[in-house]
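Undergrad: Below: sequence and its predicted model.
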Amino acid sequence: MKNRIVDSFEPVTLVGGGVASLDDLAEALALAPVCVAADGGAELAVKAGVDIAAVIGDFDSVGQVLSRIPVERHIRISEQNSTDFDKALRHISAPLVLAVGFTGGRLDHQLAALHVLVAYPERPCILIGETEVTFLCPPQVTLPLGSGDIVSLFPMAAVAGTSQGLTWEIEGLQFDPMVKVGTSNTALGPVVLTMNAPAMLVVVPRKRLSAVTQMLAHASPSARWPVRVERYTAPPQS
């Protein structure tokens, strides 16, 4: 099979094999109608009767449902240096990816998913959790939040920025995962953030998923991060 990615002009729902329900998948698909499965995530997508554009991974957990997906939609990547979320996200080209089934369950899997958000800043992605959604803060963004919404800022590396509309503004702060994080701030209404590096994760209430999806999916090129680095990844196999 050719080394290729999934190209979509519409947002993509990426479903993983972690904690997720049929309702979670339906909510994501209503906003991002193209479905891609990361390995074992195909189980939920097949159960939901969704048309799967591709299934990506090392295929160690997908099971018998793989036979129900056309073989030309199989993207097998056998290397074991990355997670299935990593393998899938780096092969998707779309305005935005909504990732379902990558939170909950094992903590190490959740931490690995957060790493992937930062590793591919040029590929906007929202991790959908049970009560919150998490995404990498763009260079500049206006978050469509309401008064009282919890806003947590978690740096994955040294990063600084500015804000408008938070109870505790962040200008002048030097964030660093070893020194300072921004847990449980609150919004006064819409929040404007700028960041000087692609290293800040934003966590907001899940009830804002639709509004945040629309905002990130239609962001201008100047509000997106470039590719962090070119790095080798094993090509898909037939």
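TA: Thanks, I have the structure now.

Undergrad: and the helix or strand of the chain with the lowest mean pLDDT, how far out from the chain's middle?
TA: Here the helix or strand of the chain ranked lowest by mean pLDDT, DSSP states H and E is strand 74-76, holding a mean of 86. Using Cα atoms, centre = their mean, to the nearest Å, the distance from the centre of strand 74-76 to the centre of the chain it belongs to is 20 Å.

Undergrad: Report the buried residues of it.
TA: Neighbour-count burial for strand 74-76 flags H74, I75, R76 (criterion: 16 or more other Cβ atoms under 10 Å). Where you see a C-beta, it was placed from the backbone N, CA and C, and this is true even at glycine.

Undergrad: what's next to the helix or strand following it, contact-wise?
TA: Counting by DSSP states H and E, the next helix or strand C-terminal to strand 74-76 is helix 84-89. Applying Cβ atoms under 8 Å, 6 or more residues apart in numbering, the set of residues contacting helix 84-89 from outside is 14, 16-17, 36-41, 56-58, 61, 77, 97, 99, 102, 112-113, 116, 119-120, 123, 125, 233.

Undergrad: Could you export the buried residues of strand 74-76 as CSV, including distance to F135?
TA: As requested, those are exported to CSV (distance: Cβ to Cβ, whole Å):
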residue, distance to F135
H74, 28
I75, 24
R76, 28
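
Undergrad: which one of those residues sits closest to G165?
TA: Distance to G165 across the buried residues of strand 74-76 (Cβ to Cβ) is lowest for I75, with 41.1 Å.

Undergrad: okay but that closest one is in contact with A54, surely?
TA: Yes - checked against Cβ atoms under 8 Å, the pair I75 and A54 is within contact range at 5.4 Å.

Undergrad: Give the intersection of the neighbour lists for the two.
TA: Any residue near both I75 and A54 by Cβ under 8 Å, 6+ apart counts here, and that gives H91.

Undergrad: now the spatially most central residue of the chain, nearest residue through space, not along the chain?
TA: The C-alpha lying nearest the average C-alpha coordinate of the chain belongs to C125 (Cα atoms, centre = their mean; 3.0 Å). Once flanking residues are discounted, C125 sits nearest to V97: 4.2 Å by Cβ to Cβ, 6 or more residues apart in numbering.

Undergrad: immediately after the strand ranked longest in the chain, which helix or strand?
TA: Looking only at the chain and at elements set by DSSP state E, the strand with the highest residue count is strand 182-195. Per DSSP H and E, the first helix or strand lying C-terminal to strand 182-195 is strand 200-205.

Undergrad: Go ahead and produce PDB holding the CA coordinates of that following strand.
TA: Output of strand 200-205 as PDB, limited to C-alpha atoms (Å, rounded to 0.1, in the frame of the first residue of the first chain):
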ATOM      1  CA  MET A 200       0.500  25.100  26.400                       C
ATOM      2  CA  LEU A 201      -2.500  22.700  26.800                       C
ATOM      3  CA  VAL A 202      -5.900  24.300  27.500                       C
ATOM      4  CA  VAL A 203      -8.600  22.400  29.400                       C
ATOM      5  CA  VAL A 204     -12.100  23.700  29.300                       C
ATOM      6  CA  PRO A 205     -15.600  22.300  30.100                       C
END
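
Undergrad: Just give me the neighbour total for M178.
TA: For M178, the count of nearby residues is 8 (other Cβ atoms under 10 Å).

Undergrad: Looks to me like it is in a strand.
TA: No - secondary structure of M178 (DSSP: H, G, I helix; E, B strand; the rest coil): coil, not part of a strand.

Undergrad: The residue of the chain most remote from its centre and G161: what is the separation?
TA: In the chain, G172 marks the outermost C-alpha relative to the chain mean, sitting 28.0 Å out by Cα atoms, centre = their mean. Remark: distance between G172 and G161 (Cβ to Cβ, to the nearest Å) = 10 Å.
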